[in-house]
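# coordinates only, sequence not included:
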């Protein structure tokens, strides 16, 4: 024997209202929309930067900040930062006086001293001297950038 369940119309309406409300929240698929695949080659592939046109437009909108552009070297083919000139300072205790001497001797325009757990930005500035320090604050090396 098969019994038929009889559902009251008001109960059916009460069940359909939340179902219809939820279906209205589902986004409709857009026709003709295809997601653009990232470029596999080229200079923009590694950085995630936009195309050359997008980059030029963004630079025009924000302007070229003087600190963002690397200043040209005084002599063509020569870098504005010379780490060979400051190798004698490796092993000395870091201080503002030593850092000032390192900046002057290397020809750099600025510096930053970085300990083993210090965080640093990844921007490259050829005129900046990076001074690497150990846990006790002694200079372990120099890098430009």
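All right, it came through fine. If you're wondering where the values come from, they're calculated on a predicted model, not measured in any experiment.
# C-alpha from now on. contacts and neighbour counts both.
OK.
# give me phi/psi at residue 86?
phi -120, psi 10 (degrees, to the nearest 10).
# that one against residue 108, yeah?
No: Residue 86 is beyond contact range of residue 108, at 11.0 Å (criterion: Cα atoms under 8 Å).
# quick one: residue 100 is in a helix?
Yes: counting by DSSP: H, G, I helix; E, B strand; the rest coil, residue 100 is found in a helix.
# now it: how far from residue 9?
Distance of residue 100 to residue 9, computed by Cα to Cα, to the nearest Å: 86 Å.
# so the two - more neighbours on which side?
Each of residue 100 and residue 9 has its neighbours counted (other Cα atoms under 10 Å); residue 100 has more, 13 against 9.
# contact partners for that one?
By Cα atoms under 8 Å, 6 or more residues apart in numbering, the contact set of residue 100 is empty.
# could you check the pLDDT of it?
Residue 100 is assigned 95 on the pLDDT scale.
# just the one 5 residues further on next, same as before
pLDDT, residue 105: 94.
# just residue 52 next, same as before
In this prediction residue 52 is given a pLDDT of 47.
# what are the buried residues along stretch 106-115?
106-108, 110-111, 113-115 (16 or more other Cα atoms under 10 Å).
# farthest-separated two in these?
107 and 115 (22.1 Å; Cα to Cα).
# residue 136 in helix, strand or coil?
coil.
# burial measure for it, as a count.
The burial count for residue 136: 10, using other Cα under 10 Å.
# which of the buried residues of stretch 106-115 fall in helices?
residue 106 (DSSP state H).
# now render the buried residues of stretch 106-115 as TSV, adding distance to residue 15.
Formatted as TSV, the buried residues of stretch 106-115 follow (distance: Cα to Cα, whole Å):
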residue	distance to residue 15
106	78
107	78
108	74
110	70
111	69
113	67
114	64
115	64
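# looking at the buried residues of stretch 106-115, which one is closest to residue 95?
The nearest one, if we look at the buried residues of stretch 106-115 relative to residue 95 and count by Cα to Cα, is residue 113, at 9.4 Å.
# is the closest residue to that closest one other than its chain neighbours bridged to anything, and to what?
Leaving aside its sequence neighbours, residue 113 sits nearest to residue 131 (Cα to Cα, 6 or more residues apart in numbering; 4.5 Å). For residue 131, the beta-bridge partners are residue 113, residue 142 (DSSP bridges).
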